[in-house]
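*Asks:* Would you be able to build a 3D model of this:
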Amino acid sequence: MNPAVVEWESAETGDLLDRARAGEADAFCEICKIHESGLLRQAAALCGNQTLAEDLAQDTLVEAWKSLGRYDGRCRFFTWLCAIMLNRYRNVLRERRHLPLSPGRTDEDEAWGGAAQVASNECRPDEAAQQREQAALVRRCVEALPPKHQQVVHLRFYVDDSLEGIAAALGCSVGTVKSRLFHALDKLRGMKAAGRFGRDGLAEQERTSR
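*Replies:* All right, here's what the predicted structure looks like:
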């Protein structure tokens with residue numbers, strides 16, 4: 001068994017990954033069952049549309065199976081899946097730019113509507129509404145970043161992985177991840193200064209990046 005995989009995954013999942021990379025489709029299906037709910041939540045937060053999120057999650061798993069030989073175990077498998085999903089989603093956005101949107105909805109509304117679901121169910125209704133609004137504003141600002149900056153912000157703050165894991169998932173150095181994250185947060189600070197989103201959202205982004 002590959003020791004790098006075991007370091008990031010449970011022994012059971014590591015065994016499934018080894019078998020899947022050896023060509024066992026059934027083992028990969030078992031891995032999909034482990035990660036499909038988490039991947040679907042990430043896709044729904046990106047898309048704001050359950051049907052589109054299901055398609056995106058399914059496309060991600062298909063692409064992961066095709067490119068499974070490139071996964072080397074240096075990051076969590078879920079992080080690697082999310083990196084694939086972000087690339088697939090970027091392609092979806094390119095295609096959707098040429099499609100008519102529903103009346104009264106903007107491209108950003110369609111893309112980031114799912115971010116409104118991030119508030120805790122334990123909050124009072126007024127607090128939950130405020131958190132949903134704040135989350136939507138932050139996510140819209142993230143969507144305005146260059147794609148490579150979007151990737152590191154999403155993997156760092158929404159998938160919640162280490163800088164080393166993100167670097168492995170994206171196939172770049174830790175220094176590159178740090179640089180992209182620095183510039184991304186700098187741009188977000190500029191958006192804050194311009195009044196594009198509130199103080200608390202940026203403060204949380206900065207605190208968790210340290």
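
*Asks:* and residue 29, how many residues sit next to it?
*Replies:* By other C-beta atoms under 10 Å, 13 other residues sit near residue 29. No exception for glycine: its C-beta is placed from N, CA and C like everyone else's.

*Asks:* One more: residue 144?
*Replies:* Applying other C-beta under 10 Å, we find 14 residues neighbouring residue 144.

*Asks:* excluding its backbone neighbours, what's nearest it?
*Replies:* Excluding the flanking residues, the one nearest residue 144 by C-beta to C-beta, 6 or more residues apart in numbering is residue 191, at 7.3 Å.

*Asks:* for the helix or strand hosting residue 190, packing partners?
*Replies:* Element membership for residue 190 (DSSP states H and E) is helix 174-193. The helices and strands touching helix 174-193, judged by 3 or more C-beta pairs under 8 Å, 6 or more residues apart in numbering; DSSP states H and E, are helix 125-143, helix 147-153, helix 163-170, helix 199-209.

*Asks:* Let me know the average pLDDT across the longest one.
*Replies:* Helix 125-143 carries an average pLDDT of 68.

*Asks:* mind giving me the domain split of this protein?
*Replies:* Structural domains assigned to the chain are 1-106, 123-210, following automatic domain parsing.

*Asks:* lowest-confidence stretch among those domains?
*Replies:* Taking the mean pLDDT of those, domain 123-210 comes last: a mean of 76.
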